[in-house]
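**Student:** fold the following for me, if possible:
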Amino acid sequence: MAKSLHDLETRFCEIATKRVAQRLALELARLLPRVGRKVGDVIEINLSREELAQMTATTLFTVSRQLSVWEEQGIVSLRRLGVVIRNPLSLMNISELK
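**Tutor:** Numbering: from 1, shown residues only. As a prediction, the model looks like this:
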């Protein structure tokens, strides 16, 4: 229970202090080991943009815009109901997890 409370506190702090790009990168990085599915040299996360927006306390439009920027940079590829992570290291750099 203490771990759950600590995780919740961390997420509230992120929402209050981090930019959207950092929050989205952090959430995708957290999701990689839990729901990511390795396919070749990429990792698929089968969550919609709306679900990602809810998880990061932002709007669907903002998540879509940020993911499109990352797609142009080669960090992710977008699917109808998911995101393919092409460069996890870049996500870590964006989220400042280094």
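
**Student:** residue 67 and residue 50: what is the separation?
**Tutor:** Counting by C-beta to C-beta, to the nearest Å, the gap from residue 67 to residue 50 is 12 Å. Where C-beta positions appear, they are placed from N, C-alpha and C, glycine not excepted.

**Student:** next: residue 66.
**Tutor:** For residue 66 relative to residue 50 (C-beta to C-beta), the value is 14 Å.

**Student:** and those two? Which one has more around it.
**Tutor:** residue 66 (22 against 13; other C-beta atoms under 10 Å).

**Student:** can you pull up the most central residue in this structure?
**Tutor:** Note on the chain: the residue nearest the mean C-alpha position is residue 28, at 2.5 Å, using C-alpha atoms, centre = their mean.

**Student:** my guess is that one contacts residue 85, does it?
**Tutor:** Yes: using C-beta atoms under 8 Å, residue 28 makes contact with residue 85 at a distance of 6.6 Å.

**Student:** overlap in contacts, these two.
**Tutor:** Counting by C-beta atoms under 8 Å, 6 or more residues apart in numbering, the contacts common to residue 28 and residue 85 are 45, 91.

**Student:** buried sites along the worst-scoring helix or strand of the chain on mean pLDDT?
**Tutor:** The least trusted helix or strand in the chain, going by mean pLDDT, DSSP states H and E, turns out to be helix 2-17, with a mean of 77. Neighbour-count burial for helix 2-17 flags 11, 14 (criterion: 16 or more other C-beta atoms under 10 Å).
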